[in-house]
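# My questions concern the predicted model and sequence given below.
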Amino acid sequence: METAGLAPMADGALIRWTALGDTGRTPPVVLLHGGPGLPDYLGDVAPMVADLAPVYRYDQRGTGGSPWQGRHTLAGHVDDLAGLLDHWGAAEAVLIGHSYGTDLASRFCLAHPDRVAAMLLMCGPFVGDWRTGDRAERDRRMSAAEQERLRTLAELSDRTEEQEVELLTLSWFTDHADPERGREWAAQGALRRRPVNWAMNSELGAEGRADPLDAHLDAVRACLPARVELLGGVQDPRPLSALEALALRWRVPLRRIDGAGHEPWLERPGAVRERLRAFVHGTVGR
């Protein structure tokens, strides 16, 4: 059974959320989508574990069904997650973050370690000098003409609808292991994951560079819950070696999904489902 609602935050913002499964069971699973600046896109992931625990997901403020105007801060988004748990009556939750959502989950764990029952971080957080390898691999997967077209579109101060879709498709198709299917998934995402809140993306990106998670890794390690896993697609253009280094530093397991890129549930749904179910089952004990 799926339910949905709007959760009021302390400053009056309304956060749109959706739940799948029996919300009377605890602890719930909370899916944290990436971006930043995108609406939730983890609807295909929720059913993988919703029979084991209720699964909540939400549009982060300023995206999708959670419209909001104002300056975005990492601390503010951490506060939103705490406010949502309060609204749902959840003392703690199993956090499953994807991409930027892994950074949010890690920062939430640092601020509220008592509210994190377990944490699975999918395709992130990437720390250290991972961007050099990411850029090189994306360039390898794109033609020279595609690279030039992407630069041209990114430099436009005002894009048409068609140009925005083209920009996002070119930006995202290299995330996938299969280049042809990757173009299809990227084009679909460019239409569905809209509108992009570019101001949110810029503000949170700038704050993340000024105060990187890298500077807090030991502090996060000290407050991690008993169950933590990293999960990464082997063919993600972002280097898997960055996740391997983090797994060693935090002394947590890294589960590798071969034949998958940055959104492994699209390319290897069976493998991702198996891993997520094992993780959640091991946490909730059902």
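In hand now; what should we look at? Numbering: from 1, shown residues only.

# Counting by contacts, list what the helix or strand where residue 246 lies packs against.
Here residue 246 is covered by helix 240-250, with elements defined by DSSP states H and E. The contact analysis (3 or more C-beta pairs under 8 Å, 6 or more residues apart in numbering; DSSP states H and E) places helix 240-250 against helix 217-223, strand 228-233, strand 254-257. From N, CA and C alone the C-beta is placed, and that goes for glycine too.

# so which of those is the most packed in?
strand 228-233 (a mean of 24; mean count of other C-beta atoms under 10 Å).

# Pairing partners for that one, with directions?
Strand 228-233 has its sheet partners listed here by DSSP bridges as strand 116-122 (parallel), strand 254-257 (parallel).

# Let me see the residues that make contact with it.
Outside strand 228-233, the residues within contact range by C-beta atoms under 8 Å, 6 or more residues apart in numbering are 118-123, 177, 240, 243, 246-247, 250, 252-257, 260-264, 267-268, 272, 275, 279.

# What confidence value was assigned to residue 246?
You'll see residue 246 listed with a pLDDT of 98.

# what about the stretch 51-200 of the chain, any weak spots by pLDDT?
Applying pLDDT under 70 to the stretch 51-200 of the chain picks out no residues at all.

# Now do the strands in it.
Taking DSSP state E, counting those that start in this stretch to define them, one finds strands in the stretch 51-200 of the chain at 55-58, 93-98, 116-122.

# Go through the ones you listed and name the closest to residue 151.
Of all the strands of the stretch 51-200 of the chain, strand 93-98 sits nearest to residue 151, with 26.9 Å by C-beta to C-beta.

# and the closest one, what other elements does it pack with?
Right, strand 93-98 is packed against strand 29-32, helix 100-111, strand 116-122, helix 269-284 by 3+ C-beta pairs under 8 Å, 6+ apart.

# Pull the distance from the helix holding residue 246 to the chain's centre.
Offset of helix 240-250 from its chain centre (C-alpha atoms, centre = their mean, to the nearest Å): 18 Å.

# Pull out the buried positions in that helix.
Residues 240, 242-243, 245-247, 250 are the ones in helix 240-250 that count as buried (16 or more other C-beta atoms under 10 Å).

# Stretch 263-278 too?
By neighbour count on 16+ other C-beta under 10 Å, the buried set for stretch 263-278 is 263-268, 271-272, 275-276.

# re earlier: using a markdown table, lay out the strands paired with strand 228-233 together with distance to residue 74.
Shown next, in a markdown table, are those (distance: least, C-beta to C-beta, whole Å):
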| stretch | distance to residue 74 |
| --- | --- |
| strand 116-122 | 16 |
| strand 254-257 | 25 |
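
# Out of those, which gets nearest to residue 216?
strand 116-122 (14.3 Å).

# how far off strand 93-98 does that closest one point, in degrees?
On the basis of axes from the mean of the first three to the mean of the last three C-alpha atoms, to 10 degrees, strand 116-122 is oriented at 10 degrees to strand 93-98.

# Export strand 116-122 to PDB, keeping only CA atoms.
C-alpha atoms of strand 116-122 as PDB (Å, rounded to 0.1, in the frame of the first residue of the first chain):
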ATOM      1  CA  VAL A 116      20.500   6.000  12.200                       C
ATOM      2  CA  ALA A 117      19.700   2.300  12.600                       C
ATOM      3  CA  ALA A 118      21.800   1.300   9.600                       C
ATOM      4  CA  MET A 119      23.100   3.000   6.500                       C
ATOM      5  CA  LEU A 120      23.700   1.700   2.900                       C
ATOM      6  CA  LEU A 121      25.500   4.200   0.700                       C
ATOM      7  CA  MET A 122      25.000   3.500  -3.100                       C
END
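
# Next, the buried residues of that strand.
116-122.
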